[in-house]
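A.B. asks: Model the structure of this input:
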Amino acid sequence: MDGEQLLTAETDDEFAERISLVLNDHRLSGAARGGARAWAERNLTWEATLDRFDDPYARLLGGA
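C.D. replies: From the prediction side, this is the model:
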């Protein structure tokens, strides 16, 4: 997933390197931005949010 929707870093130096990479590589930043938007459009809708509650509620009510 690293590079598709976001960039990760574990150290301060890696963090600075990733920032520099995104600022200087327009292709990478565009791809990451597009991937992040696509993920958000799939996962942050009302329908997607409510779907995640269906199974737990069904189990609580004894329907699953």
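A.B. asks: which helix of the protein spans the most residues?
C.D. replies: Counting residues, the longest helix found in the chain (DSSP state H) is helix 26-43.
A.B. asks: What are the buried residues along that helix?
C.D. replies: Ala32 (16 or more other C-beta atoms under 10 Å). For the C-beta atoms, the positions are set from N, CA and C on the backbone; glycine is no exception.
A.B. asks: Now do it: which elements does it pack against?
C.D. replies: helix 12-24 (3 or more C-beta pairs under 8 Å, 6 or more residues apart in numbering; DSSP states H and E).
A.B. asks: What distance do you get for Leu6 to Gly34?
C.D. replies: 12 Å (C-beta to C-beta, to the nearest Å).
A.B. asks: scratch that, Tyr57 is what I was asking about
C.D. replies: 34 Å.
A.B. asks: Give me the residue ranges of this structure where confidence is low.
C.D. replies: For the chain, the stretches flagged by pLDDT under 70 are 1-3, 63-64.
A.B. asks: rewinding a little: beyond the longest helix of the chain, next helix or strand please.
C.D. replies: Next helix or strand after helix 26-43 toward the C-terminus (DSSP states H and E): helix 46-60.
A.B. asks: Now find how far off-centre that next one is within its chain.
C.D. replies: On the basis of C-alpha atoms, centre = their mean, to the nearest Å, helix 46-60 sits 20 Å off its chain's mean C-alpha point.
A.B. asks: With stretch 4-22 instead?
C.D. replies: The answer for stretch 4-22 is 15 Å, by C-alpha atoms, centre = their mean.
A.B. asks: End to end on it, go ahead and measure it.
C.D. replies: 12 Å (C-alpha to C-alpha, to the nearest Å).
A.B. asks: Buried residues of that stretch, list them for me.
C.D. replies: 5, 7, 18.
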